[in-house]
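Enquirer: Compute the structure for the input listed below.
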Amino acid sequence: MTKTIDAPIAPAGRRQPSRRRNKGFQETHALLIDTAVRLMSEKGTEALSLSEVAREAGVNRTTVYYHFDSREALLAAVREWSANQFAAAFAPSDTAENRTRFITRFVIEKPEVVALWTEEFLSPGRVVERYPHWDTLVEGLRSQFVEGVETADIDAEAFAALLLTWAMIGPRVYRNSVRPDLSLEETVDRLARSQTAMLRLIGVTPGR
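Expert: Numbers count the residues shown, from 1 in each chain. Have a look, this model is predicted:
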């Protein structure tokens with residue numbers, strides 16, 4: 001099953017689940033998102049439907065509609081889920097290199113999900129509304145930049161935008177256009193070590 005970092009937040013436009021929902025509801029909710037992510041990765045976003053999610057998840061359509069009243073609501077939940085996966089790369093729960101490896105593999109293995117989130121990320125509007133972890137990322141970077149003479153003039157917001165752009169696009173460019181001859185493991189290893197070393201050069205540890 002796809003690794004989930006945080007429970008997804010209910011998208012706008014559908015009923016918010018009560019915080020007192022039982023464990024079964026939460027497990028089914030996570031299963032439906034997990035199934036949607038897998039189907040998107042295998043067949044593409046356009047092929048996704050609530051009926052297919054119900055069939056693949058082994059539940060009836062009524063159950064799916066209880067969680068998501070439309071295909072758009074399900075896609076919104078997948079966007080939220082993917083944003084939480086990106087947040088894992090900048091959270092202090094593991095070493096910087098391991099976090100980078102995780103997000104690099106995620107981007108390569110789930111291009112349809114990443115493309116869905118990237119499309120929304122690039123649309124007009126405040127970034128914090130699409131990526132709830134934005135302010136935390138920016139403030140964490142800003143606190144590190146002011147500690148060094150070489151980094152004092154770096155704009156934390158600009159750097160955060162570049163960092164997220166690299167995370168979303170860099171691995172696919174390298175995998176598809178630069179070194180398509182490498183295995184997935186070799187690709188992840190090279191990218192993770194390179195990005196970690198680059199950040200270390202300027203004394204930055206995302207999520208510190």
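
Enquirer: Low-confidence bits of the chain, can you list those?
Expert: For the chain, the stretches flagged by pLDDT under 70 are 1-23, 88-94, 205-208.

Enquirer: Could you look up the SS state of the residue nearest to Asp135 when sequence neighbours are not counted?
Expert: Spatial nearest neighbour of Asp135, chain neighbours left out: Val128 (6.0 Å); criterion: Cβ to Cβ, 6 or more residues apart in numbering. All C-beta spots, glycine's among them, are computed from the backbone N, C-alpha and C. Following DSSP: H, G, I helix; E, B strand; the rest coil, Val128 is assigned to helix.

Enquirer: Same check on Gly148?
Expert: coil.

Enquirer: shouldn't it be in contact with Ile202?
Expert: Yes: counting by Cβ atoms under 8 Å, Ile202 is a contact partner of Gly148 at 7.4 Å.

Enquirer: Give me the distance from the helix or strand containing Val188 to the chain's centre.
Expert: Using DSSP states H and E, the element containing Val188 is helix 184-201. With Cα atoms, centre = their mean, to the nearest Å as the basis, helix 184-201 stands 18 Å off its chain's centre.

Enquirer: how deep is the residue nearest to Asp135 tucked in, by neighbour count?
Expert: 12 (other Cβ atoms under 10 Å).

Enquirer: can you check Trp134 too?
Expert: Trp134: 19 neighbours (other Cβ under 10 Å).

Enquirer: Name the nearest residue to it, ignoring sequence neighbours.
Expert: Counting by Cβ to Cβ, 6+ apart, the residue nearest Trp134 is Val128, at 4.5 Å.

Enquirer: Check the spacing between the one you found and Phe121 real quick.
Expert: Val128 is 11 Å from Phe121, where distance means Cβ to Cβ, to the nearest Å.

Enquirer: ok, now Ser183?
Expert: For Ser183 relative to Phe121 (Cβ to Cβ), the value is 29 Å.

Enquirer: Same question for Arg99.
Expert: Here the criterion is Cβ to Cβ. By it, Arg99 lies 19 Å from Phe121.

Enquirer: So Thr63 sits against Ala54, correct?
Expert: Yes: here Thr63 reaches Ala54: they are 7.0 Å apart, a contact under Cβ under 8 Å.

Enquirer: Give me the more crowded residue out of these two.
Expert: Neighbours per residue (other Cβ under 10 Å) separate Thr63 from Ala54, with Ala54 holding more: 18 against 15.

Enquirer: Let me know the secondary structure of the more buried one.
Expert: Relying on three-state DSSP, one would call Ala54 helix.
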